[in-house]
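A.B. asks: sequence plus predicted model, see below.
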Amino acid sequence: MDAVTLTNVQFQYPNADRMILDGVSLRFPQGEWTAIIGRNGSGKSTLARLIDGLLLPKQGQVTVCNLPVTEENMTRVHQQVGIVFQNPDNQFVGATVADDVAFGLENRQVPLAKMRSRIQQALAAVDMTDLASAEPTMLSGGQKQRVAIAGILALKPQVIILDEATSMLDPAGRQLVLDLLQRLRTQQQYTIISITHDPTEMAIADRVVVLDGGQVIRQGDTATVLADVDLLRHVGVGVPAGQALRQALVDRGITVPARYFTEEEMVRWICQQL
């Protein structure tokens with residue numbers, strides 16, 4: 001079953017001289033993690049906003065959990081999709097962590113008893129229960145993004161979109177957030193769509209979609225797409241460490257198997273050659 005489908009979608013911003021998305025057709029199966037990669041201006045964030053219904057396509061159709069994304073269905077679509085944005089500081093509205101998680105529930109007029117239960121469950125899911133009374137401004141970047149994720153989990157969506165959500169975090173904070181999302185995806189079967197330039201984030205996806213000039217130029221399983229170093233460089237995204245090392249060896253005339261290597265696999269392969 002597909003959580004999200006796009007069929008021949010076109011979108012153009014007012015006064016723009018070209019389509020930002022031009023004939024995009026994609027499927028996002030339920031429970032799958034898909035990374036969307038491409039250079040700045042390729043249409044990645046626009047794609048996210050079309051899925052969430054923040055924008056409507058000029059042509060074509062977007063469907064979320066069997067709901068066509070239309071003006072009439074907007075409220076129900078928003079209930080199925082949550083977005084975590086790049087800057088966590090721009091996402092806070094509450095005086096405390098718990099207040100912030102409560103904000104979306106209050107907007108949906110969730111009864112108080114159920115609201116309290118959902119807040120507790122969401123904070124427990126992201127390991128932030130002990131900081132429920134803390135001021136969001138006092139948290140680290142990784143903690144702030146975990147609170148943003150908790151706010152989404154409390155609303156019980158089917159689809160979670162990460163729009164460069166780890167790009168402002170240090171490596172430790174980034175890994176913590178990614179580990180959390182992997183665990184939640186396994187436990188709850190969320191569909192995760194990750195818009196990213198980060199090689200680590202790309203590598204944990206099930207599938208990678210490459211956008212360039214508003215069109216899908218490549219899609220496939222993660223290992224196959226990330227093994228194409230020339231493609232990654234062409235669209236201006238980072239090359240995973242294992243593949244960068246493999247390519248460096250190949251450039252020096254060393255014969256290395258033509259497949260995707262994680263960093264650990266590449267180190268192990270080198271040790272075996274010694």
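C.D. replies: Happy to help now that I have it. In this text the structure is predicted, and so the values were computed from the model without any measurement.

A.B. asks: shaky segments in this protein?
C.D. replies: Within the chain, no range satisfies pLDDT under 70.

A.B. asks: so who does Asp127 touch?
C.D. replies: Arg146, Leu180 (CB atoms under 8 Å, 6 or more residues apart in numbering). Glycine gets a C-beta too; all of them are placed from N, C-alpha and C.

A.B. asks: please redo it, this time with the cut-off set to 10 Å
C.D. replies: Contacts were defined as CB atoms under 10 Å, 6 or more residues apart in numbering; by that measure Asp127 touches Gln143, Arg146, Ala150, Leu176, Leu180, Arg183.

A.B. asks: over to Leu47?
C.D. replies: Applying CB under 10 Å, 6+ apart, the residues contacting Leu47 are 4, 6, 9, 11, 20-21, 24, 26, 36, 38, 55, 62, 161, 163, 193, 195, 209, 211, 214, 216.

A.B. asks: quickly find the element holding it.
C.D. replies: helix 44-52 (DSSP states H and E).

A.B. asks: any idea how far that helix is from the chain center?
C.D. replies: 11 Å (CA atoms, centre = their mean, to the nearest Å).

A.B. asks: same question for stretch 261-274.
C.D. replies: Worked out by CA atoms, centre = their mean, stretch 261-274 lies 29 Å from the chain centre.

A.B. asks: how about the helices in the chain?
C.D. replies: 44-52, 74-80, 97-107, 112-125, 141-153, 171-188, 199-203, 222-226, 229-234, 241-251, 263-273 (DSSP state H).

A.B. asks: list the buried residues for stretch 98-111?
C.D. replies: Buried positions in stretch 98-111, judged by neighbour count with 16 or more other CB atoms under 10 Å: Ala98, Asp99, Asp100, Val101, Ala102, Gly104, Leu105, Val110.

A.B. asks: wait, I meant stretch 78-94
C.D. replies: Within stretch 78-94, the residues that count as buried by 16+ other CB under 10 Å are 78-86, 88, 91-92, 94.

A.B. asks: Asp170: which of the residues you listed is nearest?
C.D. replies: Asp170 has its nearest neighbour among those in Pro88, at 12.8 Å by CB to CB.

A.B. asks: now the closest one: closest residue in space that isn't a chain neighbour?
C.D. replies: Nearest residue to Pro88, sequence neighbours excluded (CB to CB, 6 or more residues apart in numbering): Lys144, at 3.4 Å.

A.B. asks: residues near the one you found, how many?
C.D. replies: Applying other CB atoms under 10 Å, we find 24 other residues in the vicinity of Lys144.

A.B. asks: separation between Ala223 and Ala125?
C.D. replies: In this view, Ala223 and Ala125 are 29 Å apart by CB to CB, to the nearest Å.

A.B. asks: which one's more surrounded, the two?
C.D. replies: With neighbours defined as other CB under 10 Å, Ala223 and Ala125 compare such that Ala125 has more, 19 against 14.
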